[in-house]
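[1] no sequence on this one, just coordinates:
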């Protein structure tokens, strides 16, 4: 079920087309990584999705509500977390959550229940009486995430949530997001740390110069970019001999040495791989290890983008 | 649910947060402590310095009032400015747009928090005020009046400082605003202290109807400015695509109506010749009303998507509310409507001076023609570029610039051509000169003055007509669209039901 449906949105600021005919969707239980270089239009798109900005054309539907016609309905269904969050003075975590729960229109027992639920989920219990500004960045992000979850939104929009976090906080945030996706929430997350995203994202949307370069599962995008699957092969023979052999084989490309073996692309699937292995044995290369390689998001990103800044 | 819980739930969230933050913060604690210390010291000094036993209460009261006014009209509103300025940083104000809170709740919450702090200061000073009442020289009525008046003004000043805090996020401009507000508050507190000592000295004057009317008008003006600031602040933090114009137009219209009806009634109760002052005040009010109207006639024409959904579905209602909808053409309609209503009510005034009745009508019509021209002609000419903010700012100030230009440009040409009269601002394009000439029976060339005013008016109407018609059509189109959408939704629902 589509929770977020971005339909051909465009947005210009003066002569600069920040977002140009952007379309993608995120379903329930999916984590979508929204990646692109600085100035690509990520934040503008996210702001349009969260009703803070209006598109010049196109529309965004959040669980069927349009950001144009029913912005209030949309805000009830989304939780938006910008990169800088939770910086109130003289405010303990408890009061901070209480204020946001009240601001979301939660009352009485409903408010207490919502607060208890997000406190338990984010593990903020021991910090409730601490001042927000006295918390570490990671804990403040947790408080921010707790706030976005208070009204139980079906879509979470997180703008660079891992920026500035230490490795432990990143891992914890990643775990929280995975649990949220398992709970059926759709998550749209932007980040520059692509390795972070590749571990948690089901789908990605790559944007550059305001246009979507590709969207969908990372493996599908990789297939579209290059139909060849990537493999790693190691032989008893010298690495150079293996590299020479691979370069001569039909259907093999992108050969590069890595460690004691080689990485290469191969078209034709498992049958072609079996033939290749047969030929390697025949040539006395004595193959020891052959394994398919996981798709690298960084590679996908680099092959899709040119580094154009608007 | 218990009653306290129920009440707790109904509190404005911003109020709860702001009060909690303020009570925990250093600023309020320092303000509160300093006010108490100052009140104690000033009280002791006043008691020791008082010459006679007769007015010892008055001297003491003025001393305490100085501390009270400084806290309630100075420090507390200033704290509201500082707190609201801080809340806008880092996109926090924007994030509140994503909650269930409406912009007016946000501003109201901050205002109420300010009032709570003023109330706490007042409570702290209550024993000092009670002591001043026990001392000879202070009347209970005066004391209550001063306290209530100060509370009203404290709220009004807080409204102004709050809306000022939403004006800009530029740090330098904020500092400039702080200086301006500080100066304004200092002069207000000084005037209030001076006013209170005057009232204490002549407390019997409060029984006088004229003094009561003057104080009521003064409070009325302050409340109007505060309401204007409140709405302005609300609109400032609302989404740029939201309807930011209608609430201000409605406020202006309501204020105009109250002013008109008030003046009309006053004309009946105040005998000639004092009533003449009311008419002058009425005309001044009319022009003051038109100042923000310059902003309305400079707005972009098209109704945004979020404004469209607020247009009435009924065609007739749509037609009636068109002047209140955003857009430059609708702004021109609004200006015409206000001026027309103003004029119509003025025609109903009991004649100020039976002999000079026609002269008043003549002067009013003349002012009306100039008003319509100044407030609609330049903005209509700038309309094409109204998407750009600098042009809209220019458009808002264009009435004043128009009056200046119509006076100065012909004067310049007069000087160039060697015409002494025109060179001395004595020409029909100079509004003050023309107005003054019309009041003279002896002046013979009134036709030229009327010809210029009429010509400019006709040009204004012709230039504005297309955009006014566009405004009317736009509202009707949106209205029809909403009706069609509703009918379509109903039909789809009926189809679904029948299919089920």
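    Right, received. Where do you want to start? This is a predicted model, so every value here is computed, not measured.

[2] what residues does chain A put near chain B?
    Within chain A, the residues that sit near chain B (C-beta under 8 Å from any C-beta of the partner chain) are A:50-52, A:54, A:68-69, A:71, A:75-76, A:78, A:80, A:82, A:84, A:87-91, A:95, A:98-100, A:102-105, A:107-109, A:111. Glycine gets a C-beta too; all of them are placed from N, C-alpha and C.

[3] filter these to the buried ones?
    Those of the residues of chain A next to chain B that meet the buried threshold are A:50-52, A:54, A:68, A:71, A:75-76, A:78, A:80, A:82, A:84, A:88, A:90-91, A:95, A:98-100, A:102-104, A:107, A:111, by 16 or more other C-beta atoms under 10 Å in any protein chain shown.

[4] ok so, going back, what about the residues of chain A next to chain B, which are in helices?
    A:71, A:75, A:76, A:95, A:98, A:99, A:100, A:102, A:103, A:108, A:109, A:111 (DSSP state H).

[5] okay, now the unreliable bits of the stretch 51-200 of chain A?
    Within the stretch 51-200 of chain A, the segments meeting pLDDT under 70 span A:84-86.

[6] again, 90 this time
    Filtered on pLDDT under 90, the stretch 51-200 of chain A yields the residue ranges A:51-57, A:64-73, A:81-91, A:105-110, A:121-125, A:127, A:131-145, A:159-177, A:190-200.

[7] which SS class is the residue of the stretch 151-300 of chain B found nearest chain A?
    Residue of the stretch 151-300 of chain B nearest chain A, by C-beta to the nearest C-beta: residue B:241 (4.9 Å). Under DSSP: H, G, I helix; E, B strand; the rest coil, residue B:241 falls in the coil class.

[8] for it, grab the count of nearby residues.
    15 (other C-beta atoms under 10 Å in any protein chain shown).

[9] looks like it contacts residue B:300 (just checking).
    No - at 11.6 Å, residue B:241 does not count as touching residue B:300 under the criterion of C-beta atoms under 8 Å.

[10] and the closest residue to chain A within the stretch 351-500 of chain B, what element?
    Closest residue of the stretch 351-500 of chain B to chain A, C-beta to the nearest C-beta: residue B:485 (9.0 Å). Assigned by DSSP states H and E, residue B:485 belongs to helix B:446-499.

[11] so what's the gap between that helix and the chain middle?
    Helix B:446-499 sits 28 Å away from the centroid of its parent chain (C-alpha atoms, centre = their mean, to the nearest Å).

[12] what does chain B put close to chain A?
    Proximity of chain B to chain A, by C-beta under 8 Å from any C-beta, involves residues B:1, B:5-6, B:9, B:11, B:13-14, B:16-17, B:20-21, B:24-25, B:86, B:89-92, B:94-101, B:239, B:241, B:304-306, B:309.

[13] so where's the stretch 301-450 of chain B uncertain?
    Within the stretch 301-450 of chain B, the set of residues satisfying pLDDT under 90 comprises B:301-315, B:318, B:326-372, B:374-401, B:414-426, B:432, B:435-448.

[14] which stretches of it form helices?
    B:305-308, B:315-321, B:328-348, B:357-382, B:389-417, B:420-423, B:431-438, B:446-499 (DSSP state H, counting those that start in this stretch).

[15] what's the burial count for residue A:23?
    14.

[16] which stretches in the stretch 151-300 of chain A count as strands?
    When secondary structure is read from DSSP state E, counting those that start in this stretch, the stretch 151-300 of chain A shows strands at A:155-159, A:186-190, A:203-208, A:211-217, A:229-235, A:252-258, A:261-266, A:287-292.

[17] measure how the fourth one sits relative to strand A:203-208, angle-wise.
    With axes from the mean of the first three to the mean of the last three C-alpha atoms, to 10 degrees as the basis, strand A:211-217 and strand A:203-208 are set at 170 degrees to each other.

[18] partners of strand A:211-217 in the sheet?
    strand A:203-208 (antiparallel) (DSSP bridges).

[19] what do you get for the first one?
    Taking DSSP bridges as the criterion, strand A:155-159 forms sheet pairs with strand A:78-81 (parallel), strand A:186-190 (parallel).

[20] of those strands, which stretch is the most buried?
    With neighbours taken as mean count of other C-beta atoms under 10 Å in any protein chain shown, those reach their highest mean count in strand A:186-190, at a mean of 26.

[21] show me the contacts for residue 194.
    No chain in the question, so chain A it is. Contacts of residue A:194 were listed using C-beta atoms under 8 Å, 6 or more residues apart in numbering or on different chains, and they are A:35, A:297, A:298, A:301.
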